[in-house]
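Colleague: Test case, fold it:
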Amino acid sequence: MSGLDPTPGREHRRNPYTAMAVATTSVVDGDADTADVTVVTDAMRRAYRTLDDYLEAGPGASSGVVMALLGDYGLGKTHLAVRLVRRARAALGGPTKAIYLDANAEDFLSLYLRFMREVGKDALVAQVRDYYADVVAAALQETGLSGDALQALTAGQVTPQRVIRELGMLESALLRRVQETLVGVTGDHDYSTVLTLLLRNGFDDAVWQWLTGGEPDEILVDRGIARRIDDELVALEALRVIALLFSGLRNRFVLVIDELDKIFSARHRPSETLMARFQDLLAVSARTGACLVLCGLPDVWEVLTPAVRERIPVRVELAGLTDAEISEFLLESHRSVLHQDGIEPFTAVAVRTIGRLTRGYARDVIRLCRKAFRLADNASVAAGDEVLVDEAVLQAAAADEFGAPNLDDVAHRIWRLAEGQGWHPHRDHMLGASPAARADFWITFPEFDGGCALLVTPSLVSAAAVAGLLDRIAALRAAAPGAEVVVVVVGVPTDVAVVRVRDALDRDPLVVRPDSVAADVLAALESARTRLPRRDDTDDVSGLRRQIDTWLARIANGQRELADTLARRVDDIAATVHPVVVQDATLPPTLSGLFDEATAALSDLAEIRVAPESFAHDVITTADPLVVDLRQHSVVAATGSAVLLRQVIETFRVVLAQWYRTSTTPVDATARDVLDRMCDTYDNIADSLPSRGSLTELVRSGLLAGSVRQRAERALADFSFRVREAVLDSVANR
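Modeller: This is a model prediction of the structure:
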């Protein structure tokens, strides 16, 4: 099937874009039901090639590799990380050959304990037994008793203990050789002593307890093991030892550590000792044949010491999806779910607009495509004909997913930003006699001549709006030929608008979103500043005075931001205080907690602030602000949506509890299908309700605290997916 056939009266189609726009680690284990469409980018190709070269080197190769995957939130680091692990497991066989770790607990101790849970006691014992088998095999060859026993031992058909028992070999001598071997592998006598005890009957529980942070048992204390693995330095050393254990015996071993920025960051800078220990882990991993993959935000690279960075020879930086890659993602999603060989209802113009609105960030691309597809599908059903995704649909989808930027709010942020940097902003500044030569902001910079004119405009959709903007650009250029001009679009520009602005300025307009206004405008102004000529300061005193003024402005802005931060913290604390909610006795605590948090957050949304002073107004002669706000459709829609969605979630909880009571372990295909349909039903209802954009309007009007909105967004983000993962995990482990 190519394209869409107009079908009057057609039903809603399944949305081909996942409601969960973040990567899931279940893909590591090959869960086809949670696998999503993957578009292979240049960064992914380089990462795959590095891993494949390591795997293809074979078990005889001694050199390993250390690779860093760096990228901002939403660019797909976790998506790539879990696929590297899955690729390695497919090549090496066995889950302990390639391990994925999420460093979300902010310290190496928690990371190490999670690593040990991933390894498991049985796999650890089996790995040590392989070393034992190697030692016994060497002893058989030395004594000339090899023959059938050696073949059976090498093939894994018999255990080393059985061979020793049947051939009457001296076990104590062989265990000493194992310990010596492990000392050579790990470089640590204590750990080698402990690991060798795994080969003795009845010692494995005591060893495992100590390796997972417990107090040393008496049998370990008797052998000189008195310390615990209970701090970061010791845990990092233990992680190094176990990683070496699995990469020994000429094995290939892959360890992926995600979200390393939770451990190494400007806010959580490690000590020099810890950094040195981490450097040792990297060096030893590469030398002994392990593959270590480190994933994190770009900032983590700056926190690492130069010596550590030198130990990471492969650095892969993830970038946003290109227009061609977005088109490929749309096409593959439609082929996979809709069995449709085309990107409709999206168009090539829509693809370019999606790229501008999301910067190509994979997570945002998925969220925007899901919402836009749903809006176009709803419109198609209502019209009885196919409705394409155009700029208007994408603007509505972006407003609902990311919030609708407000011109006044953006202007306020720009002013605060410029002041905070020690620059000199001027509002509504006339650069010439023509009325069109007005800059929404005229910003000058210390030590630079000239300045930058900012034009802040709403969505550029109509031809008249584009023409008016181009007239302003021409007037500013005529009035101040040396000035830089930056166009900031608060909304969605058409393809034609972008091309015409690009022709006028030699650069695209800056399309801003609420969550990135400050960062985007700062980057644009920094870039514009570099294109201005530097001032020739022949007067040293004047230059020093300008520098002092800049410092004072930054200090004053920092004080204001600190006061705002403290006020927000107080609001956040107040918003988290709720009566104790009685948990559903049927659902496990983790699952009940998801529902409790969602319903509590939605209850907060329904608590609109109505001040007593509202009833003191003379409504005949005075326009009461509350009445004005409540006349807005968005305010009423957001409040009503909160009430309705709370009822939907409460019903979702009831039917899920019924499903949970009757489900079996493992979950069969029929029960899995019922669960998926319940989650899809919730997603379809939630998608049809005005949410994020309307909530932003409530905050802007003063009827709702911003912290309440943020809490609701956190509680409802990817809600059905998190519920689905939690209930499946609970069923599997009960």
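
Colleague: now Leu294, what's its secondary structure?
Modeller: Secondary structure assignment for Leu294 (DSSP: H, G, I helix; E, B strand; the rest coil): strand.

Colleague: what sits opposite it in the beta ladder?
Modeller: Ala68, Ile257 (DSSP bridges).

Colleague: what about the helices in the stretch 601-734 of the chain?
Modeller: Ranges of helices within the stretch 601-734 of the chain are 625-630, 633-662, 669-688, 692-700, 706-716, 719-733, based on DSSP state H, counting those that start in this stretch.

Colleague: Just put these in a markdown table and tack on mean neighbour count and mean pLDDT.
Modeller: From N, CA and C alone the C-beta is placed, and that goes for glycine too. Shown next, in a markdown table, are the helices of the stretch 601-734 of the chain (neighbours: other Cβ atoms under 10 Å; pLDDT from 0 to 100):
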| stretch | mean neighbour count | mean pLDDT |
| --- | --- | --- |
| helix 625-630 | 15 | 48 |
| helix 633-662 | 17 | 79 |
| helix 669-688 | 15 | 80 |
| helix 692-700 | 22 | 51 |
| helix 706-716 | 19 | 70 |
| helix 719-733 | 18 | 83 |
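
Colleague: Quick check: Pro306 vs Leu297, distance?
Modeller: Plainly put, Pro306 is 19 Å away from Leu297 if you go by Cβ to Cβ, to the nearest Å.

Colleague: And those two? Which one has more around it.
Modeller: Leu297 (20 against 6; other Cβ atoms under 10 Å).

Colleague: How about the secondary structure of the closest residue in space to Leu338 that isn't next to it in sequence?
Modeller: Closest residue to Leu338 apart from its sequence neighbours, by Cβ to Cβ, 6 or more residues apart in numbering: Pro16 at 5.5 Å. Using three-state DSSP, the structure places Pro16 in coil.

Colleague: residue contacts, Pro16?
Modeller: Pro16 makes contact with Ser333, His334, Ser336, Val337, Leu338, Phe373, according to Cβ atoms under 8 Å, 6 or more residues apart in numbering.

Colleague: Can you say which of these are buried?
Modeller: Ser333, His334, Leu338, Phe373 (16 or more other Cβ atoms under 10 Å).

Colleague: just these now: which is nearest Ser110?
Modeller: Ser333 (35.9 Å; Cβ to Cβ).

Colleague: for the closest one, what are its contacts?
Modeller: Pro16, Tyr17, Val37, Cys369.

Colleague: And the average pLDDT for the host helix or strand of it is what?
Modeller: Assignment of secondary structure by DSSP states H and E places Ser333 within helix 323-333. Average pLDDT, helix 323-333: 94.

Colleague: Send over that helix as PDB, restricted to the C-alpha atoms.
Modeller: The C-alpha trace of helix 323-333 is given here as PDB (Å, rounded to 0.1, in the frame of the first residue of the first chain):
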ATOM      1  CA  ASP A 323      15.600  15.800   7.900                       C
ATOM      2  CA  ALA A 324      16.500  12.700   6.000                       C
ATOM      3  CA  GLU A 325      16.800  10.600   9.200                       C
ATOM      4  CA  ILE A 326      13.500  12.000  10.500                       C
ATOM      5  CA  SER A 327      11.800  10.900   7.200                       C
ATOM      6  CA  GLU A 328      13.400   7.400   7.500                       C
ATOM      7  CA  PHE A 329      12.100   7.200  11.100                       C
ATOM      8  CA  LEU A 330       8.500   8.100   9.900                       C
ATOM      9  CA  LEU A 331       8.700   5.600   7.000                       C
ATOM     10  CA  GLU A 332      10.000   2.700   9.200                       C
ATOM     11  CA  SER A 333       7.400   3.500  11.900                       C
END
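
Colleague: buried ones in it?
Modeller: Glu325, Ile326, Ser327, Glu328, Phe329, Leu330, Leu331, Glu332, Ser333.

Colleague: Pick out the most distant pair among these.
Modeller: Once Cβ to Cβ is applied, the buried residues of helix 323-333 give Glu325 and Ser333 as the farthest pair, at 12.5 Å.

Colleague: Give me the common contacts of the two.
Modeller: With Cβ under 8 Å, 6+ apart, Glu325 and Ser333 have no common neighbours.

Colleague: any idea where the strands of the stretch 151-300 of the chain begin and end?
Modeller: 253-258, 290-296 (DSSP state E, counting those that start in this stretch).

Colleague: tell me the domain ranges of the protein?
Modeller: 25-31+41-119+241-316, 122-231, 323-401, 407-536, 589-733 (automatic domain parsing).

Colleague: between the ones you listed, which gets nearest to His12?
Modeller: domain 323-401 (5.8 Å).

Colleague: Centre of the chain to that closest one, how far?
Modeller: Offset of domain 323-401 from its chain centre (Cα atoms, centre = their mean, to the nearest Å): 22 Å.

Colleague: Could you measure from Val498 over to Glu526?
Modeller: 22 Å.

Colleague: what distance separates stretch 316-326 from the centre of its chain?
Modeller: 16 Å.

Colleague: quick one: contacts of it?
Modeller: So stretch 316-326 is contacted by 39, 41-43, 46-47, 50, 67-72, 75-77, 80, 298, 329, 351-352, 354-355, 358-362, 365 (Cβ under 8 Å, 6+ apart).

Colleague: how about a cut-off of 6 Å?
Modeller: Contacts with stretch 316-326, where a contact means Cβ atoms under 6 Å, 6 or more residues apart in numbering, come from 39, 43, 46-47, 69-71, 75, 351-352, 354-355, 359-361, 365.

Colleague: Just the residues you listed: which are in strands?
Modeller: Using DSSP state E, the subset of these located in strands is Leu69, Leu70.

Colleague: Of the contacts of stretch 316-326, which is the nearest to Val655?
Modeller: Closest to Val655 out of those is Val365 (31.9 Å), distances taken as Cβ to Cβ.

Colleague: Look at that closest one and say how many residues are nearby.
Modeller: For Val365, the count of nearby residues is 27 (other Cβ under 10 Å).

Colleague: In contact with it, which residues?
Modeller: Per Cβ under 6 Å, 6+ apart, neighbours of Val365: Ile326, Thr358.

Colleague: 7 Å - rerun?
Modeller: Counting by Cβ atoms under 7 Å, 6 or more residues apart in numbering, Val365 touches Leu321, Ile326, Phe329, Ile354, Thr358.
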